[in-house]
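A.B. asks: This is a predicted model, with the sequence first.
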Amino acid sequence: MFANKKIAFLGGGNMAEALIKGLLAANAVQTDQILVADISYDRLEYLKKTYGIVLQKNNIDAVKKADIILLSVKPQTILSVLGEIASTVEHTKLVISIAAGIPFSKIEPLLPEGSRVVRVMPNTPALVLAGAAGICKGTHATANDLTLVQRIFHSVGKAVIIEEKLMDAVVGLSGSGPAYVFTIIEALSDAGVKAGLGRSLALELAAQTVFGAAKMVLETGEHPGKLRDMVASPGGTTIEGLHTLEKGKIRATLMNAVEAATARSKELGKQV
């Protein structure tokens, strides 16, 4: 899919690994097209042993050899990394930032004038080719750049193009969202154990139930409320359970979680 293009990951953490594994599993790139630089030698050795990718001594070496530079460092360190690599970022190179909360106004001034930058907020289900990502383009990025980035992230799930002003909301919803769902799966599993099921069976049923429900929403195109009503028979078990969820304010709690994560994303951008 990206023949002859080399992608340099600056930072080899969990999100970088998810994308590396996803891209390789989707046959979007070959192992020799992926370069990784990280401050942890042990982390680099793990990535090479696990995925066979090419290790780099430092960020500058990785940038020099790459066509696409993917900034996968923590938001708190992205500015120092940008300062380090700025002199080696040529206009032929595309820069992709996945640092949550860091706007173009903080990124572009640290790079050479005219640098092409795209922001992406992916999530860890990219590891199993089921990611969700929001994409927006910077001042000098082209329509072709946006298409290329969307193709990259389509290879590991779904990717939608949005305006930058909506990026913090994407962070709060789909960026942090997997953690919310993992918590729900764990709680459903605990409830199954409490009701008498074995732990492994309860976890399997809980995870499959969440997966199946999500797949129904995506494939039928029906509103979740309509699908819920299909399950909730009058006077039955489901409506009793739903009543309990409403008493526990599950919807308000989830909405508050997304709102809090969105606000935190905005704070990170201001702090940096």
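C.D. replies: It's in. Residues are numbered from 1 along each chain as shown.
A.B. asks: residues in contact with the residue nearest to residue 13 when sequence neighbours are not counted?
C.D. replies: Spatial nearest neighbour of residue 13, chain neighbours left out: residue 72 (6.4 Å); criterion: Cβ to Cβ, 6 or more residues apart in numbering. Heads up, the C-betas are built off the backbone N, CA and C, glycines and all. Contacts of residue 72 were listed using Cβ atoms under 8 Å, 6 or more residues apart in numbering, and they are 9-13, 15-16, 19, 98-99.
A.B. asks: For residue 72, report the pLDDT, please.
C.D. replies: Looking at residue 72, its pLDDT reads 93.
A.B. asks: Kindly report the same for the one 10 residues further on.
C.D. replies: What the model reports as pLDDT for residue 82 is 94.
A.B. asks: so who does the nearest residue to it once chain neighbours are set aside touch?
C.D. replies: Nearest residue to residue 82, sequence neighbours excluded (Cβ to Cβ, 6+ apart): residue 110, at 4.1 Å. Residues near residue 110 by Cβ under 8 Å, 6+ apart: 79, 82-83, 86.
A.B. asks: same thing but at 10 Å, please
C.D. replies: Residue 110 makes contact with 78-86, 89, according to Cβ atoms under 10 Å, 6 or more residues apart in numbering.
A.B. asks: Just those: which are in helices?
C.D. replies: With helices taken from DSSP state H, the overlap with the contacts of residue 110 comprises 78-85.
A.B. asks: filter these to the buried ones?
C.D. replies: Neighbour-count burial (16 or more other Cβ atoms under 10 Å) applied to the ones in helices among the contacts of residue 110 gives 78-79, 81-82, 85.
A.B. asks: Residue 217: which of those residues is nearest?
C.D. replies: residue 78 (34.1 Å; Cβ to Cβ).
A.B. asks: Wait, that closest one touches residue 11, no?
C.D. replies: Yes - in this structure, residue 78 is within contact of residue 11 by Cβ atoms under 10 Å, at 9.1 Å.
A.B. asks: any residues in contact with both of these two?
C.D. replies: Common contacts of residue 78 and residue 11 (Cβ under 10 Å, 6+ apart): 71-72, 98-99.
A.B. asks: In those, find the pair that's most separated.
C.D. replies: Counting by Cβ to Cβ, the most remote pair of the shared contacts of residue 78 and residue 11 is 72 and 99, 8.0 Å apart.
A.B. asks: any common contacting residues for these two?
C.D. replies: Joint contacts of residue 72 and residue 99 (Cβ under 10 Å, 6+ apart) are 11, 15, 78, 81.
A.B. asks: Relative to residue 148, which of those residues is nearest.
C.D. replies: Nearest to residue 148, judged by Cβ to Cβ, of those is residue 15 at 19.1 Å.
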